[in-house]
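A.B. asks: when you get a sec, could you give me coordinates for this:
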Amino acid sequence: MDLVFRARRVVTPQGEIACDVGVADGRIVAVEPFIESPNVVRLADDEVLLPGLVDTHVHVNDPGRTEWEGFETATRAAAAGGVTTIIDMPLNSIPPTVDVAALETKRKAAANVSVDVGFWGGIVPGNLDDLKPLHEAGVFGFKCFLLHSGVDEFPAVTVPELDVALRRLATLDALTIVHAEDAHTVRDSEPDYAGFLASRPREAENKAISDVVELTRKTGARTHILHLSSSDALAILGAAKRESLPITAETCPHYLTFTAEEIRDGQTEFKCCPPIREEVNREALWQGLRDGVVDLVVSDHSPSTAELKAGDFATAWGGIASLQLGLPAVWTGARDRGFRLTDVVRWMAAHPARQAGLTTKGAVEVGKDADLVVFAPDQTFVVDRNALHHRNPVTPYHGRELHGVVRQTWLRGKETGTIPGKLLRRGEA
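C.D. replies: Reported below is the predicted structural model:
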C-alpha cells in the first residue's frame, strides 16, 4: 500500500463503518478492518472519511469570462469544499462548447486545475451536426435551454428543435440535461424580490418539465432536469419515474437552504434562475430527496463579478456561487431533518458520478479512485466570503453558520494541491 486511511467512521456503499482504506497507484485497493502499513493517515475521533464529491453543474466561465471565475480558482474552491471532480457547463465561456473546436479551446484553458475536470457539450440552434463529433470527443452529455440562457452566444432551443436533437442523441445513448423553464410563461422581472419571483413562477418549470417528459417518452433519449426549484413538478417527475422513463432530476444547495420569505429587496446575491421559492416549497424538495424523486444535489455554481451582481432583481446577474460550500450547506439542512451522511454522499457523490458515467468516482470502494475527504460533521463555522477561494467574494451564505468542516481533500491518494487534476473524457473515468 502507498497509504492507508484509518477511521472509526467511513461512508461506504454498504453504509458507515469503521475500517481501513488502502491506496495504491491512486486507486482504492482494500477496504478492510485492519491493514498493516507504515504509512497510515489516522483520522481523529470527530472526523469521517467520505468519497470525494462529484459536482456535475459548475460554470467556470473560462475562457472569455475568466474575470467571473476561471479554472484555477474554481478548482481550488472545489478542493476546499471536498469536491474532487467537476463537470463544466458549456456556457458562460466564450466560445461556448457547441463544437469540437470550442471544446479544445476550453481544454487548453484548463491547464492549471486542482481537481479532475470534465466538460458538457451544448445544444443550440444550428449545431445538430456537431453533436456526434462532440460526443466522440468525450463530452459527458449535452445541455440546452428552453428560454434565453442569459448570454446571447448560447441561444435557447424550441421544444420541436429539442425533439430533433433528442432523436439524434438517443442513437448515441447520450445524456441531455435541460434548463427547464417555459419561455412563454416567464416574463420580465420587477426590481423587488416579490416581482422577480412572480416573473418566474412554478408554472414555468412545471410546463417545461412536462414537455421534457413527453419528449423523453417519444424519443427514448436519456434526459435530466437541472436545478429543480418548483416542488409542484415533483408529481410530474414521480409519475415519469413510475413509468420507468429514463429521466432524472437534481436540485441545489440554495433551494434546500434559503427561502423567499427571508430575502429582502436589494439582496441580489440571492438571485438565481429558477428562483429561490417559499419555505413550504423548500420542505417539499427535501421530501422529494427522501422519496427518491430528486436524484442528486449539485451546486449550479454560477458566479460573476461583484459589479454584475449589484443593482436590483430586474438587472443583476442571476447566479449563486457556492462550489466551496455545498457539502456543509446540504449537511446542515440534512442533519436537521434526520438524514445521515450516507444520504448526503448518495446525493452528492454516488449519484452524480453514476449519472455522468464516472465509473471510478463517487464511492469508497475497491477499484475506485482514491478521491477522499476528511470531514468533521459536528464542527461549525460562520461563512466569511473573504475566506472563500472563488474569484469573486459574492455569496448569500456570508455570515451564515454551517455544520461540517472539510479538513483535508485527497485526489487519487495525494492531497489536493500536491498533484494536478486531470481532464476527463466520457468513458475514460
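A.B. asks: residue 22: how many residues sit nearby?
C.D. replies: Burial measure for residue 22: 24 neighbouring residues, criterion other CB atoms under 10 Å. (C-beta placed from N, C-alpha, C; glycine too.)
A.B. asks: ok, it - contacts?
C.D. replies: Counting by CB atoms under 8 Å, 6 or more residues apart in numbering, residue 22 touches 1, 3-4, 28-32, 35, 37.
A.B. asks: so which elements touch the one helix or strand residue 10 maps to?
C.D. replies: Residue 10 is located in strand 3-12, with elements delineated by DSSP states H and E. Helices and strands touching strand 3-12, as assessed by 3 or more CB pairs under 8 Å, 6 or more residues apart in numbering; DSSP states H and E, comprise strand 15-24, strand 40-42, strand 48-51, helix 341-345.
A.B. asks: find the nearest non-adjacent residue to the spatially most central residue of the chain, please.
C.D. replies: In the chain, the C-alpha nearest the mean C-alpha coordinate belongs to residue 298, at 2.8 Å (CA atoms, centre = their mean). Leaving out its chain neighbours, the residue that sits closest to residue 298 by CB to CB, 6 or more residues apart in numbering is residue 57, at 4.1 Å.
A.B. asks: name the next helix or strand downstream of the host helix or strand of that neighbour, please.
C.D. replies: Assigned by DSSP H and E, residue 57 belongs to strand 53-58. With elements assigned by DSSP H and E, the helix or strand that comes after strand 53-58 is helix 71-80.
A.B. asks: could you check the angle the next helix or strand along the chain from that next one makes with helix 71-80?
C.D. replies: Along the chain past helix 71-80, the next helix or strand (assigned with DSSP H and E) turns out to be strand 83-88. If you take axes from the mean of the first three to the mean of the last three CA atoms, to 10 degrees, strand 83-88 sits at 140 degrees to helix 71-80.
A.B. asks: strand 83-88 pairs with which strands, parallel or anti?
C.D. replies: Sheet partners assigned to strand 83-88 using DSSP bridges are listed as strand 53-58 (parallel), strand 116-119 (parallel).
A.B. asks: just say which of those strands is most tucked in.
C.D. replies: Most buried of these by mean neighbour count (mean count of other CB atoms under 10 Å) is strand 53-58; its value is a mean of 28.
A.B. asks: and that one, how far from the chain's centre?
C.D. replies: Taking CA atoms, centre = their mean, to the nearest Å, one finds strand 53-58 lying 4 Å from the centre of the chain it belongs to.
A.B. asks: I'd say residue 404 and residue 376 touch.
C.D. replies: Yes - the pair formed by residue 404 and residue 376 meets the contact definition of CB atoms under 8 Å, at 6.8 Å.
A.B. asks: the two: which has the busier surroundings?
C.D. replies: Shown here are residue 404 and residue 376; by other CB under 10 Å, residue 404 has more neighbours (24 against 18).
A.B. asks: what's the one helix or strand that one maps to in contact with?
C.D. replies: When secondary structure is defined using DSSP H and E, the element that contains residue 404 is strand 401-411. By CB under 8 Å, 6+ apart, the list of residues contacting strand 401-411 from outside reads 47, 52, 79-84, 114-116, 325, 327-329, 331-332, 335, 369-383, 415-416, 419, 421.
A.B. asks: among these, name the ones in helices.
C.D. replies: Where the contacts of strand 401-411 overlap with helices, as defined by DSSP state H, the overlap consists of 79-80, 327-329, 331-332, 335.
A.B. asks: list only buried entries from these.
C.D. replies: Taking 16 or more other CB atoms under 10 Å as the criterion, what is buried in the ones in helices among the contacts of strand 401-411 is 79-80, 327-329, 331-332, 335.
A.B. asks: list just the nearest of those residues to residue 127.
C.D. replies: Top of the list for closeness to residue 127, among those and by CB to CB, is residue 79 at 33.0 Å.
A.B. asks: tilt between the strand holding residue 57 and helix 326-336?
C.D. replies: Going by the same axes, to 10 degrees, strand 53-58 makes 110 degrees with helix 326-336.
A.B. asks: give me the contacts around strand 53-58.
C.D. replies: Residues outside strand 53-58 that contact it (CB under 8 Å, 6+ apart): 74, 78, 81-89, 140, 226-227, 250, 252, 296, 298-301, 323, 326-327, 348-349, 352-353, 355-356, 358, 361-362, 373.
A.B. asks: which ones are touching the closest residue to residue 333 other than its chain neighbours?
C.D. replies: Closest residue to residue 333 in three dimensions, ignoring its sequence neighbours and counting by CB to CB, 6+ apart: residue 256, at 5.1 Å. By CB under 8 Å, 6+ apart, the contact set of residue 256 is 282, 285-286, 297, 329-330, 333.
A.B. asks: any idea whether residue 256 is helix, strand or coil?
C.D. replies: Classification of residue 256 by DSSP: H, G, I helix; E, B strand; the rest coil places it in helix.
A.B. asks: ok, back up a step: and the strand holding residue 404, what's its mean pLDDT?
C.D. replies: With pLDDT averaged residue by residue, strand 401-411 scores 98.
A.B. asks: can you check stretch 234-250 too?
C.D. replies: When pLDDT is averaged over stretch 234-250, the result is 98.
A.B. asks: list the buried residues in that stretch.
C.D. replies: By neighbour count with 16+ other CB under 10 Å, stretch 234-250 contains the buried residues 234, 236-238, 240-241, 245-250.
A.B. asks: the closest residue to residue 251 other than its chain neighbours: how many residues sit nearby?
C.D. replies: When the adjacent residues along the chain are set aside, residue 251 lies closest to residue 228, with 4.7 Å between them (CB to CB, 6+ apart). Other residues within reach of residue 228 by the criterion other CB under 10 Å amount to 23.
A.B. asks: from here on, call the first residue 42.
C.D. replies: Fine by me, first position is 42 from now on; the one you just mentioned is residue 269.
A.B. asks: no further queries at this time; thank you.
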